[in-house]
Structures are given as structure tokens and as C-alpha cells.
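# got a sequence here, can you build the structure:
(chains A, B, C and D)
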4 protein chains.
Amino acid sequence: MLGGGMTLTLDALNRMNPADFAAAIGDTFELASWVAESAATRRPFPTVTSLHNAMIGTVRAAPREHQVEFLSGHPDLAGKAARAGAMTDDSKREQASVGLDSLSEEEFARFHRLNDAYKAKFGFPFIVCVRRHTRDSILAQFERRLGHDQATEFAAALHEVFFITRLRIAAKVTGEGMPIVNGRLSTHVLDTDAGRPAVGVAIELYEFVGEKAHYIQSAITNADGRTDQPLIGGRPLPIGRYELRFAVGDHFRSRGIATGDPPFLDIVPLRFSIAEPEGHYHVPLLCTPWSYSTYRGS
Amino acid sequence: MLGGGMTLTLDALNRMNPADFAAAIGDTFELASWVAESAATRRPFPTVTSLHNAMIGTVRAAPREHQVEFLSGHPDLAGKAARAGAMTDDSKREQASVGLDSLSEEEFARFHRLNDAYKAKFGFPFIVCVRRHTRDSILAQFERRLGHDQATEFAAALHEVFFITRLRIAAKVTGEGMPIVNGRLSTHVLDTDAGRPAVGVAIELYEFVGEKAHYIQSAITNADGRTDQPLIGGRPLPIGRYELRFAVGDHFRSRGIATGDPPFLDIVPLRFSIAEPEGHYHVPLLCTPWSYSTYRGS
Amino acid sequence: MLGGGMTLTLDALNRMNPADFAAAIGDTFELASWVAESAATRRPFPTVTSLHNAMIGTVRAAPREHQVEFLSGHPDLAGKAARAGAMTDDSKREQASVGLDSLSEEEFARFHRLNDAYKAKFGFPFIVCVRRHTRDSILAQFERRLGHDQATEFAAALHEVFFITRLRIAAKVTGEGMPIVNGRLSTHVLDTDAGRPAVGVAIELYEFVGEKAHYIQSAITNADGRTDQPLIGGRPLPIGRYELRFAVGDHFRSRGIATGDPPFLDIVPLRFSIAEPEGHYHVPLLCTPWSYSTYRGS
Amino acid sequence: MLGGGMTLTLDALNRMNPADFAAAIGDTFELASWVAESAATRRPFPTVTSLHNAMIGTVRAAPREHQVEFLSGHPDLAGKAARAGAMTDDSKREQASVGLDSLSEEEFARFHRLNDAYKAKFGFPFIVCVRRHTRDSILAQFERRLGHDQATEFAAALHEVFFITRLRIAAKVTGEGMPIVNGRLSTHVLDTDAGRPAVGVAIELYEFVGEKAHYIQSAITNADGRTDQPLIGGRPLPIGRYELRFAVGDHFRSRGIATGDPPFLDIVPLRFSIAEPEGHYHVPLLCTPWSYSTYRGS
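Okay, the predicted model is just below:
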């Protein structure tokens, strides 16, 4: 038996008997162990990426009715299954990661309406790789994809399956040639009045849902003006709109610099969007008591 | 009879008989026509500023009990008088200008508590030149001044009377040597990717009350990247915290520049504070699709 | 008789008899009074611009041999005529303005070679509106235009005649609808560490000839951080490469700010080029003791 | 026998017999083997820094006449010895590193005059740690120190000996607790118009001697917009004034961006000074076709 936490090596998978192989990674493709069974016959795989490509290739090569059946096997997003908990562990974790397991009645109703409209039009549930999105961008994409024609949307759904399963494989299997599934959001604060990194500056990260900014986490700049950990790392960067807030007023006050009461700059917000979940977003703040600038850095 | 709207010339005031003089500007000092009566005897005044200085000098030179009586003649801030409308027209206009005539029950209660605590400690009502403040900074100042000792606060109250009456005189009298009572908040948007002013950029100005941003007004940049009118002008700049929001994403989209979906920069907020009501705050935005900067300019 | 200094009104020109008209502005088109004589018959002109367009139109409509003869009537650039002074007053002033009357033997020889090569290829002398160029860009253009074919170069020469005569007409005639012939180079210095314009900063303007920077002029920033006069104004901006040098180190030293010995920033150079003689180039400096930025502003 | 190139370990030094110890590192203190002999008696040293401190301590504790004799043992800067080659290998290398072995007759004469004036006033030759200076800052310091009184200058001379010998020890001995003797000058170029590092940008580094910029070296930005090696590293940063020049025009031209002929920005110079030879100077360029900024970063 394999718990979600444990990881497998690619070597082990290459050497297993077909049944164990399918048991080990079959559930990475929602309720479609046949994908793993077919992949088993094409071993050995030199890289984890090639393993995933083989499995996706199996889906793409399958007859249309198998593909539709496979897509239909996915749970509704924020659907009754989510509430009832009747989903695979992976699906539970993924939907929870973006708060879809704790929607208000109204939000739940909205998703319900969207799911029904989507299934009525396309014949399978709306599928999106939630780990690559904020709740905000999921809703935006839901509305947009409802406007697609059948062919466009069928391709879009398979593309999301690619992202979902790539993440599941990367989480489950270790070995050569791991697919790149993680991004990084980082910052640093430079006090260009002192010509030094700004140390001990409090930073807050917010995510937008509609016009509301939701608090995500805090950090403090270290001796190098950076945060010890990336603001987001070790996972895909959720597509969405963000705001970083820097307690610049406290920083200059601590240096004994007064620019009025209230100070000209106190909390400095930097508002930006993330569109590449696997990319690196470095969003620094260069500031003086009377000015600041930012840019997408590297 | 003089309506609030009409304005007087300094020459006319210098030539009036004492009774008309007092009738004309007596109410600029809340319920204290004696201030104008005394000033009448020191005419002629070469400048409007010297007229106001003479009136303030009269208050400063008056015996303490007259001063306290004078201060006590001022209405409570957001007090019952404000609701009942039992105030001079000037006081009504001033308190309304910052929304003190339309507080929620809770806000009203808070002001009520503060007023009582203040009067219990100092023996006269809390006086502040509301035209020089946002609601936020009035509350901040109220809390701070409650901590003063009697002497410090007595001086602070008279200083606010100076600001209040200077504005009233400047609104009522025209002539040589007008006191400077207005400030200016302006901006401009430069597209440093195109090396040109950014034309047609939508701008919104917000004022903070606590952590909430309240919408004040909108503007669109003209051919020079500026707004046709200052964002705030022709009046004191209310002390407080503000946020300008620029629709930068729309601007670059209109230039056919795509930086992802969503775009890296969409709405760019610039958050700053105003501490000098009679000052000039120029807060420009220099932007590219991937960077921006601001500063207090001139 | 009209001295170079005096100016004519368009009204006067419209009312003169043809002979006086031709005498008054005939020499604006080098040795080609027939241009003015023809224009005389098309009066009255509503604007100075339409007067100039009529004269240029006459040249464009003339038979090729007249055009070539007209072009051939222009003096060599930095040629023997320049040295001997055998040129119209306008040509003398124009060539002197860019130092073509005071070349070294070597420079003179280079121009001489270029002139001979040009005339040998095209059959008329090299014509350029020197007032719109630096010596550097004249040489660059000379080399480039030598590569043209006959048709391209003939058009280029007439285009330069358009610029030359437009300037001469604008200098000689005043009235409605003056053509735009002047540009403007300006700057301002903002100390974003103090949040104020930087006052009393010494600025030097240099023009590049090859890799050598030639000093042109100095200025000091006023109370608004600007120069009282534009760095270049009231004339076309000579196309070329420039460097502004700001004594930023002295400014911060005068504020008592020490950033090391020598200071991190002392003389800050901004190097840029001008390509639009009739444009406005605003090249500001935003600086702190440890950082600076510039941009083409408006 | 130890060649200049070989390095010793601290352990070996701690275990040598006194004679070998003195032979091994005696020449780090110019013609003063007695310093090493005395240090030999205080072994073992836990760190290379403590070894150097012990040797410097010996000098500081020595009788004044020994100290003066020691200082007098140093060769004239750019003196006859330098030309004749009559100096220790270390002194030769050091003076050559800043070009003092190849002065013009005029420069040589100037140093000669300064040396004579200095010795006449203080009784020992002018000593400076040339590896921490540019030729420009050596001359500046020479003039300044000539103005010192005897006591101030005596301390200044010993302080330079500290720097000189610290570098020699660090070059000769390896082991625990090495003294920090090296600085770093680095840059990176960010194209904030593209939101990416600027790749393949040609950079030149110049050092100022008076008003003349002397070329030092070139580099090209790599895929991260940085240079593969620091511009200066693995040695002290010579105190002095520098200019970095970036071929920004070529970069934007290669991206197909035209901003006029000539382009608004072509070669962008950043001029700055280094005052901390053991510090880290990061001087980046953020640029668009129409703007740029720089700052001392980290």
C-alpha cells in the first residue's frame, strides 16, 4: 500500500511487475487505471518526464469515447462530491488548496450553475488544474471556456489534464529528468537613500478575489534585504492578481527619517499579476522616503 | 445684508462704518463679534492677511476667560448641533465637507464619547479645522490631543482657530495680500516604453478611513499625460492617506502590447499621505509594461 | 534696403509691388530670385507657411535644368567660398553656426574630399540644413548620402532646401501661421532623497564629435530644480549626440550627506541623442546619494 | 626555497623552526625580518588574521626609532628604485599593478617632487597600499597627506603598512581565519521594456585619471543579464572614479526597436566612485529605449 506522502523512484517503477506498476501510479489519471496499464508495457522510461509523456500519449491516442469517459470521470469543481468528500485523495487536496472545499452558499451556487451549464454544453465536467490557479482565475477561466466551441474546449480540457497529471506524477515519482512544475515569487527591498538593503522590513502578500484582497502570508527582510524563503515556491505559482505591501514608513522611521505626519510613504503596495505558474517572478522594491520603483526582475 | 455667497473687497471693509464692518465679518469668529468690533478700530488694513492677523491678535490678547468662552462657543464636532442643524452656516458647511453630518450611529457614538471625554478634561469643545483634514486624520488627531496637558492643548485649540478663521476670511474677503490657504494634488503619467506621455489613462483617487479606501473621484490623462484639473485644488489638501489607481493595463493593451493573461501590470496603485494642506503634491507615474516608479515631484 | 536683422510683416509683403517683394525675400532661395518673382504673382498669402509652400512649390514645379542650376548655386559646405567669405550672409551665418568656418586643415581637407566626390557623382554640391545638425551628424549624413542613387539624392537635396528656406523665411517674415522651426532641450533635477527639487546644481552640456565631448554651455538649477532658460531653445535642435553632466556630489555634500571619499556619485553624466530638431526633449535627473534615473519626459 | 607563487599553510608555519618561519614570511614586512622573528616566539597562531595582527602589533610596540627605520626602508613610490628595479619582488609587483613602473617623464617628475617634499617634511618616504588605489587616488592622497602634521601622518603611514602587509600575508599564507582583503564590482542589465534580463549587451569599464577615462576591460552580459565574472574581483577594489558604458542602442536595435536616428539612447555611461576596497559594489542598469536608472545594489 502506498500513502500519498511516500515517493517512488523511477528505477523501482521500471522494474515492478505490471500490476504493481499500475497500482503504484494508476490513480494519477483520475479513475483511469488503463492509462497506467498501457504505459507499463512501454517501460523502461529514461526520465520521469518521458513516463508522463507516455501516459498522456495513451490518453491522446485513445478512442474518443474512452477520452470522454475519462474526462467524465473527473469530479465537479467545488461540486457535491467535494462537499461529500467522494473524491480521490489527490482531487480532495487539489480542490482544498484553492479553498473550493469551503465556499459560501452563494459561491457554491455559482459554481453549481457554471458546472451545469458547462456539462450541458460539452457533455463532461469542467476540468482545470486548480494548483496552477487562484480562485479568481478559475472563475475567469470558467466563464471564458464556456464560450468555446466543442473542439476548442475538448483540447483545452485535455491540456488541463496534462497539467494535473504532470503535477501528480512529479509529486509521486522521483528520478532522472523530473518535469518542471514549480515557479518562484521573490522580492527584495533596497533603500536607495542609504545605498543598502532595507533590513527588517515587514512584507505582506495578498491575493485578489474580484476587488477584494485576501491576506496570504507575511515575511520580514533579512540582512540582504530579501526574504529567507521565496514568497511562493516549491509549487506552481497560482495564476492571478497579487499585491505585496511593504512597511516602508516603519523602516525610515527606524532610521530617524521624518517626512511629515503622516509620512509621505507608509505602506507601499505593489500590485501585479502572475500568468506563468512555472516562471520566476522577482518583484523588488527600490525606495527612498519620497519615491519608489519596482520592475519584474530576474 | 450680506449672503454667505457674496464676497467683500478689503477696500469696502476699510471704508465701512464700524457696525457694518462687524456685521460683515463678525461671524468669521464663531459667536464672537467682539473680535471684529475690536479689529474695526485698527483699520485700515493694507492686506487681507493683516486683517486676519489683527483679529487673531485680538483673541490671543484677550483675557483667559474670554478666550475659554470663545472656544466654548464652538459646536461639538459631529455633535447634536450638527444633527439638529443648530450651527452657523460656516460650521455646517465645514463639518459637511468631511461627512461629519452623515455619520453612522456607531461613528456618531464614537465622536460623542470623544467629545465628552475632551470637554471633561479641558473645559471646552474639541476644535479642529476640518477643511484641512480627512475624517481619518480628524479621529487620529482627536485621540492624540486628548493626551495633551491643559497648556499644550489650549495652544493647539487656538492654532486650529487660526486655520478655521483664515479660511473663512479668505472665502469672504478679496483684496491685496490674500493668505495662502489652498494646496494642490496633481499627477502625470509617462510611458517610458514609448518615451511619450500616456494619453487617455483612467485614474481613480481614493481616501483611506482606517484600512478602507473610499472612492473620491476619477480623471483621464490628456494629450500631455496630465489631468485637465488638479486632482485636488482650490482648497486645502485634507491631511490623510490616499491611493491613486492608474489603469495601466488598458493603456498598454491599447498599444497592442501583451505581457501575459492577466497582464503583469493592470491597475497600478500609488499610496501616499498628505501632511501639508497648503503644499503642492505632484505624484507622477512612470511606467513600462513591466516596471513603474513614482516620486514626490514639483 | 533691408538689413538681415529687420523683419517684415506678411501684410506688408502681400501689399508690396512685385519688384519690392522679390527684393525683400528673393535671397531666401540661394541665388534664385526667380522663385520669389513667381511667388509674387500668387499673392496674397494667408499665412507665412503658405508663402513658403508657394516658393517651394515653384522650385518643385520648375524644369529639371532650372532645379539643378538652383542646387548648383549653393556654396560648398566648408568650401573655399566659406573661407573666402564669398557667400550670401545667410549661408555665412549658417555655416559659422556649426563651426564650419573654423575647421582644422585636416577637417577642411576631409570636407573638400567629400565635396569633390559628391559633385563628381551627383553634379551639384552637397546641401544640408546645417542649423538642424551638429558637425558630427553633418559628416555622418554626408557619408550616408554619398551612397544614394541619383533620384534618391536629388529628392534629399530638395528636402534640405525646404528646411533651409523655411528657416530663412521664418527668420525674415512675421505674421499669421508661422511655420514651426524651433525645438527645445530642457531638464530638471529632483532630489528624491529630500523629496524636493535640487537647487543650485551645476549642469554642463556637451556635444559629441566622434568620441570627443565638446563643451557647449553651463547652467545652474533654480528654486524649482529647473534652468531659467531651456538648455537649447529658440532654434532647431541640432541632430547629434549629447551629454548632460550634473554636479550631484556637490549637491549632497552641501546637504551634509557623506557617501564615502570619493562620494559614490559625483558628476552624473546623462548621454542621449537628438533626432527631431523641431521636437521637445525633456531629460530630467532624479537622484539620491546612491541612485539616479532619467527618461525622455514632456 | 619559496617562490613568490607558492603558498604556505598556517599549520606549516606554526610548526617550523624559527629561522625557517622568519625566512618564509620575513619579507612581508619590507626589509624588517625582525618583525617575523619576534612573531615566531608567539606561535602557534589560530588564524592567519591573528598571525598578521601579531606582526603588526610588533611594529606598533617597537621603539620610535625602529619604526622610523622600518618606514624608511620602504622604496619611494614611482621612485628611482622602481625604475632601476631595486625593490623587493612584492614592491615591484605592487607598483606595477597601478602603472607606477611606466610613468611619463612628466608624471615621474611630479611623483619625484612629491616624494622629496614628503620626505623633507616627515623624514620617511610616502607609503600607501597601492593595491587599494587607482593612480588618481594615490595622487589625491599624496597631496592631502602632505598637509598632515607629523603625528597624524605617522599614524596614517602605519595604517597603510597594515593594509600592505595584510595583503602580502593573505597572498602568501593559507589557513583558518583568512583576513578579508578582496572586494567585488558587479553589474547586471535589465530590459524593463521586455521584462527580461538584457542578453549580449557589450559593457566597457573605464577608470578616471583626472578628467581622462582610461579603458580597463570589456564584458558581455550572459543569459541572466550579468557578466560571467565580476568586473573586478579577487583583489581589493582600487579606490577611484569609474565609468561603465553599456551598448544599449545595439541591444534595442537587435530587438527591432527604433527610437530615431541617432537613437535616443546608444552608449549609456554610469559614472560612480569606489571608496571601500573590500566592499561589494553592484551597479546595475535598468533600461528601456527611452529611460534608464541605476543604484548601488547588493
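
# from A:Cys129, how far off is A:Ile138?
Separation of A:Ile138 from A:Cys129 (CB to CB, to the nearest Å): 10 Å. For every residue, glycine as well, the C-beta is placed using N, CA and C.

# same check on A:Phe108?
Counting by CB to CB - A:Phe108 and A:Cys129 are separated by 21 Å.

# what are the contacting residues of the longest helix along chain A?
Of all segments of type helix in chain A, defined using DSSP state H, the longest is helix A:150-172. For helix A:150-172, the surrounding residues in contact (CB atoms under 8 Å, 6 or more residues apart in numbering or on different chains) are A:7-8, A:24-25, A:28-30, A:48, A:51-52, A:55-56, A:59-60, A:67, A:70-71, A:90, A:94, A:122, A:124, A:126-129, A:131-132, A:145, A:148, A:178-179, A:181, A:236.

# hmm, back to that, which one of A:Phe108 and A:Cys129 has more residues nearby?
Taking other CB atoms under 10 Å in any protein chain shown, A:Phe108 and A:Cys129 do not tie; A:Cys129 has more neighbours (21 against 17).

# can you give me the separation between A:Glu119 and C:Asp261?
I think there's a mix-up here, since residue A:119 is Lys and not Glu. Distance from A:Lys119 to C:Asp261, by CB to CB: 74 Å.

# show me the contacts for A:Thr134.
A:98, A:207-209, A:238-241.

# what's the neighbour count on the closest residue to chain C within the stretch 101-250 of chain A?
Residue nearest to chain C within the stretch 101-250 of chain A (CB to the nearest CB): A:Gly195, separated by 3.1 Å. When neighbours are counted by other CB under 10 Å, A:Gly195 registers 20.

# how about the contacts made by the nearest residue to it once chain neighbours are set aside?
The shortest distance from A:Gly195 to any non-neighbouring residue, by CB to CB, 6 or more residues apart in numbering or on different chains, is to C:Trp290 (3.1 Å). Listed by CB under 8 Å, 6+ apart, the contact set of C:Trp290 reads A:192-195, C:259, C:264-265, D:295-296.

# what of A:Gly297?
A:282-284, D:190.

# the same query, at a cut-off of 10 Å, please.
A:186-188, A:280-284, B:290-291, D:188, D:190, D:192, D:195-197, D:225, D:284, D:286 (CB atoms under 10 Å, 6 or more residues apart in numbering or on different chains).

# pLDDT wise, what is it at?
With respect to pLDDT, A:Gly297 scores 86.

# would you mind listing what in the stretch 1-150 of chain A touches chain B?
A:136-137, A:140-141, A:144 (CB under 10 Å from any CB of the partner chain).

# so which of the residues you listed is the most crowded?
The most crowded member of these, judged by other CB under 10 Å, is A:Ser137 (25 neighbours).

# which SSE is it in?
helix A:135-146 (DSSP states H and E).

# so how far is that helix off the chain centroid?
15 Å (CA atoms, centre = their mean, to the nearest Å).

# using PDB, write down the CA coordinates of it.
What follows is helix A:135-146 as a C-alpha-only set of coordinates in PDB (Å, rounded to 0.1, in the frame of the first residue of the first chain):
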ATOM      1  CA  ARG A 135     -10.000  31.100  -7.100                       C
ATOM      2  CA  ASP A 136     -10.300  34.300  -9.100                       C
ATOM      3  CA  SER A 137      -8.600  33.000 -12.200                       C
ATOM      4  CA  ILE A 138     -10.600  29.700 -12.000                       C
ATOM      5  CA  LEU A 139     -13.800  31.600 -12.200                       C
ATOM      6  CA  ALA A 140     -12.500  33.800 -15.000                       C
ATOM      7  CA  GLN A 141     -11.400  30.800 -17.000                       C
ATOM      8  CA  PHE A 142     -14.700  29.000 -16.300                       C
ATOM      9  CA  GLU A 143     -16.600  31.900 -17.900                       C
ATOM     10  CA  ARG A 144     -14.200  32.100 -20.800                       C
ATOM     11  CA  ARG A 145     -14.100  28.400 -21.600                       C
ATOM     12  CA  LEU A 146     -17.900  28.200 -21.500                       C
END
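
# what packs against it?
Packing partners of helix A:135-146 (3 or more CB pairs under 10 Å, 6 or more residues apart in numbering or on different chains; DSSP states H and E): helix A:105-122, helix A:150-172, strand A:202-209, strand A:212-220, strand A:240-247.

# can you do 7 Å?
Applying 3 or more CB pairs under 7 Å, 6 or more residues apart in numbering or on different chains; DSSP states H and E, we find helix A:135-146 packed against helix A:105-122, strand A:202-209, strand A:240-247.

# touching the first one from outside, list them.
Applying CB atoms under 7 Å, 6 or more residues apart in numbering or on different chains, the contact partners of helix A:105-122 are A:76-79, A:103, A:125-126, A:142, A:146, A:150, A:153.

# which stretches of the stretch 1-150 of chain A have low pLDDT?
Flagging of the stretch 1-150 of chain A using pLDDT under 70 yields the residue ranges A:1-6, A:80-85.

# how about the strands in it?
A:8-9 (DSSP state E, counting those that start in this stretch).

# so which residues of it form helices?
In the stretch 1-150 of chain A, the helices defined using DSSP state H, counting those that start in this stretch lie at A:10-15, A:18-25, A:33-40, A:48-61, A:64-72, A:80-84, A:89-97, A:105-122, A:135-146, A:150-172.

# list the buried residues of the fifth one.
This points to helix A:64-72. By neighbour count with 16 or more other CB atoms under 10 Å in any protein chain shown, helix A:64-72 contains the buried residues A:67-68, A:70-71.

# can you list those in TSV and add distance to chain D?
Below are the buried residues of helix A:64-72 laid out as TSV (distance: CB to the nearest CB, whole Å):
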residue	distance to chain D
A:Gln67	38
A:Val68	40
A:Phe70	38
A:Leu71	36
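
# count of neighbours near the closest residue to A:Asp191 other than its chain neighbours?
Residue nearest to A:Asp191 in three dimensions, not counting chain neighbours: A:Ala198, with 4.2 Å by CB to CB, 6+ apart. Counted with other CB under 10 Å, residues neighbouring A:Ala198 total 24.

# just checking, A:Ala198 touches A:Ala223?
No. At 10.5 Å, A:Ala198 and A:Ala223 do not qualify as touching, with contact defined as CB atoms under 7 Å.

# between the contacts of A:Thr134, which has the most around it?
A:Pro238 (24 neighbours).

# I'd say it and A:His133 touch.
Yes. Counting by CB under 7 Å, A:Pro238 does reach A:His133; the two are 5.4 Å apart.

# so what sits against both of these two?
By CB under 7 Å, 6+ apart, no residue touches both A:Pro238 and A:His133.

# residue contacts, A:Leu8?
A:Leu8 sits next to A:24, A:172-173 when contact means CB under 7 Å, 6+ apart.

# distance of it from chain D?
Distance, A:Leu8 to chain D, by CB to the nearest CB, to the nearest Å: 34 Å.

# quick check, the helix or strand hosting A:Tyr292 touching chain B?
In this assignment (DSSP H and E), A:Tyr292 forms part of strand A:291-295. Yes. Using CB under 7 Å from any CB of the partner chain, strand A:291-295 reaches chain B at A:291-295.

# now do that strand: distance to the chain's middle.
That offset, for strand A:291-295, works out to 27 Å (CA atoms, centre = their mean).

# what residues sit buried inside that strand?
In strand A:291-295, counting by 16+ other CB under 10 Å, buried: A:291-295.

# can you check stretch A:216-226 too?
In stretch A:216-226, counting by 16+ other CB under 10 Å, buried: A:219, A:221, A:225-226.

# would you convert the residues you listed into JSON lines that also reports pLDDT?
Formatted as JSON lines, the buried residues of stretch A:216-226 follow (pLDDT from 0 to 100):
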{"residue": "A:Ala219", "pLDDT": "97"}
{"residue": "A:Thr221", "pLDDT": "97"}
{"residue": "A:Gly225", "pLDDT": "96"}
{"residue": "A:Arg226", "pLDDT": "96"}
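
# could you tell me which residues of the stretch 151-298 of chain A lie near chain C?
Applying CB under 7 Å from any CB, one finds that the stretch 151-298 of chain A approaches chain C through A:192-193, A:195, A:259, A:264, A:288-291.
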